[in-house]
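# show me how the following folds:
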Amino acid sequence: MQGSNLLLDPCIPRNWPGFEIVFRYRSARYEIEVENPQGVCRGVIALKLDDQTLPDDKSLLIPLMDDGKTHRVRVILG
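Okay, here's the model as predicted:
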């Protein structure tokens, strides 16, 4: 974590197709799905929060909210 942001920069074995985790931040729940369609170890090419693509200048930071909601995060490696 960096302040009120979650830094996502996964490094996984090339043969993993991806993985899923659940992360709790105070009252909120974050369902994080990492996809590895190109079979790489690392390198985020797309990051979405609740179906909205995050800006490139903050491409590895997920803003965390204490709102009691469930948020979906999709990370695509490539």
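
# surely L61 meets D9?
No. The pair L61 / D9 is not scored as a contact, 9.9 Å apart, by CB atoms under 8 Å. Where you see a C-beta, it was placed from the backbone N, CA and C, and this is true even at glycine.

# so which of these two has more stuff around it?
Using other CB atoms under 10 Å, the more surrounded residue of L61 and D9 is L61, with 20 against 11.

# how about the more buried one: what's its closest non-neighbour residue?
Among residues not flanking L61 along the chain, N5 sits closest, at 4.2 Å (CB to CB, 6 or more residues apart in numbering).

# what residues does the helix or strand encompassing V22 touch?
Following DSSP states H and E, one finds V22 within strand 18-25. With contact meaning CB atoms under 8 Å, 6 or more residues apart in numbering, strand 18-25 is reached by 6, 12, 29-36, 64-66, 77.

# who does that strand pair up with?
strand 28-35 (antiparallel) (DSSP bridges).

# rounded mean pLDDT for the following helix or strand past the strand it pairs with, please.
Where DSSP H and E defines the elements, the next helix or strand beyond strand 28-35 is strand 44-49. On average, the pLDDT along strand 44-49 is 92.

# same question for stretch 55-67.
So the average pLDDT for stretch 55-67 ends up being 81.

# just to revisit the earlier point, from the chain's centroid, how far away is the strand holding V22?
8 Å (CA atoms, centre = their mean, to the nearest Å).
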